[in-house]
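Trainee: Below is the sequence, then the predicted model.
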Amino acid sequence: MIEIEENVSLRSLTSWLVGGTADFLARPRSIDELRDALAWASSRSLPVTVLSGGSNVLVSDRGVRGLTISLRKFSSAIVSVREATPPEQRAGAADAEAVNESRESRLEIECLSGTSKSELLKIFLKHKLEPALFLAGLPGDVGGGVVMNAGVAEQMKPREFVEFTDWFEVLKPDGGIRRYLRDEVEWAYRHCNGWQPGIITRVGLSWPLVPSADVLERVKAANKTRLGKQPLDMPSCGSVFKNPPGTSSGREIEAAGLKGFTIGGAQVSMKHANFIVNTGDATARDIDGVIKHVQATVKAKAGLALKTEVVYLGDWG
Ligand SMILES: Cc1cc2nc3c(=O)[nH]c(=O)nc-3n(C[C@H](O)[C@H](O)[C@H](O)COP(=O)(O)OP(=O)(O)OC[C@H]3O[C@@H](n4cnc5c(N)ncnc54)[C@H](O)[C@@H]3O)c2cc1C
């Protein structure tokens, strides 16, 4: 039976290092334990909140009511190679996509959703494949990457999760598991819809097995570039606001003179204006205050309504 902890601080489970306590917390390691946790909450009519890598969430100082499920231990990956179909067997393939897919060997990875993106990076790096470059510097877990359709601004392939996700499975509130193929759901800028409600449990990813000799060097260079542009030495959740069409939130926030704007321990980063950093003793309320001030100022000065990419969790009432 899954262990349920009571009154657990969520601070260390978020990359901003803020937030109150979960009334109850479960840290499942397997799908059976995840099912147990959901059944436990359901039998008590408690709401359920999912926290994976915690790198894109703002958890309220008042904490989270009901059961929080941390997916940090829900991690494992199976790697295999799907060989290209020999030409003589391809001739009768039913549709064009099937023919195309079978022309190349592919690296396939099937992982639990709490597997970290850095684990995934290591696998792609070992095979010298391009997704390693995409994953360089992307925090959080695979499931969170799917939910957010995490992506990068730089031109590269892949540059969003949708491009190498083949399918994912969702544990539904009734206890059943449903598999969604990539084209059965809606993928867009920083979200993936059409599969809710439920918890993403397993993800299937693949990429053509075409190694590039210099991937490691390019990963190192990408890490260096990020370090130069982003305040990675301070707790943050990356970009706080989605980019409006035709411009970047960072540019607009900087143009509004907001770099360095501070409330308590929360500050618009001097290095990257779309980051809000925790300078040491920030509360979630401080960060929320900075978010609201940035939104109001950019609206007044540039007429733009910035929408948050970061997800608010817990009791904000
Ligand atoms: C320094 C830094 C740099 C960043 N750079 C980028 C970047 O370049 N591009 C980018 O896109 N993002 C970036 N991010 C944001 C973040 O890393 C991504 O959005 C990431 O994909 C979130 O994954 P996570 O596991 O941390 O999700 P969490 O923050 O734990 O959760 C995000 C949301 O998804 C839900 N969720 C998570 N897992 C599941 C699941 N298995 N089933 C159902 N719901 C789930 C949660 O309830 C929450 O609503 C950055 C963050 C930091 C701290």
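Mentor: That came through, no problem.

Trainee: and after the least confident helix or strand in the chain by mean pLDDT, which helix or strand comes next?
Mentor: Scoring the helices and strands of the chain by mean pLDDT, DSSP states H and E places helix 96-102 at the bottom, with a mean of 53. Next helix or strand after helix 96-102 toward the C-terminus (DSSP states H and E): strand 106-112.

Trainee: just how off-centre is that next one within its chain?
Mentor: 17 Å (C-alpha atoms, centre = their mean, to the nearest Å).

Trainee: Please enumerate the strands of the stretch 51-200 of the chain.
Mentor: Remark: strands assigned in the stretch 51-200 of the chain by DSSP state E, counting those that start in this stretch are 57-59, 64-70, 77-82, 106-112, 165-171, 177-181, 186-188, 191-193, 199-208.

Trainee: Contacts only, for residue 129.
Mentor: Contacts for residue 129 were tallied using C-beta atoms under 8 Å, 6 or more residues apart in numbering; they are 107, 207-212, 215. Where C-beta positions appear, they are placed from N, C-alpha and C, glycine not excepted.

Trainee: Export stretch 232-250 to PDB, keeping only CA atoms.
Mentor: The C-alpha coordinates for stretch 232-250 follow below in PDB (Å, rounded to 0.1, in the frame of the first residue of the first chain):
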ATOM      1  CA  LEU A 232      20.500  29.800 -13.700                       C
ATOM      2  CA  ASP A 233      22.300  30.400 -10.400                       C
ATOM      3  CA  MET A 234      19.000  31.500  -8.800                       C
ATOM      4  CA  PRO A 235      15.700  29.600  -8.200                       C
ATOM      5  CA  SER A 236      13.100  30.400 -10.900                       C
ATOM      6  CA  CYS A 237      10.600  28.600 -13.100                       C
ATOM      7  CA  GLY A 238      12.100  29.700 -16.400                       C
ATOM      8  CA  SER A 239      10.000  32.000 -18.600                       C
ATOM      9  CA  VAL A 240       7.000  33.200 -16.600                       C
ATOM     10  CA  PHE A 241       5.000  34.600 -19.500                       C
ATOM     11  CA  LYS A 242       4.100  33.100 -22.900                       C
ATOM     12  CA  ASN A 243       5.400  35.100 -25.800                       C
ATOM     13  CA  PRO A 244       2.600  37.200 -27.400                       C
ATOM     14  CA  PRO A 245       2.300  36.800 -31.200                       C
ATOM     15  CA  GLY A 246       5.100  38.700 -33.000                       C
ATOM     16  CA  THR A 247       7.100  39.700 -30.000                       C
ATOM     17  CA  SER A 248       8.800  38.200 -26.900                       C
ATOM     18  CA  SER A 249       7.600  38.800 -23.400                       C
ATOM     19  CA  GLY A 250      11.200  39.400 -22.200                       C
END
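
Trainee: Just the residues contacting that stretch, thanks.
Mentor: Under C-beta under 8 Å, 6+ apart, the answer for stretch 232-250 is 14-18, 55-58, 139, 153, 189-190, 226, 230, 252-253, 269, 272-279, 282, 291, 294, 298, 304-310.

Trainee: Please pick the buried ones from these.
Mentor: 14-18, 55-58, 139, 190, 226, 230, 252-253, 269, 272-278, 282, 291, 294, 298, 304, 306, 308-310 (16 or more other C-beta atoms under 10 Å).

Trainee: what's the most buried one of the strands of the stretch 51-200 of the chain?
Mentor: Here the criterion is mean neighbour count by mean count of other C-beta atoms under 10 Å, and of those the winner is strand 57-59, at a mean of 26.
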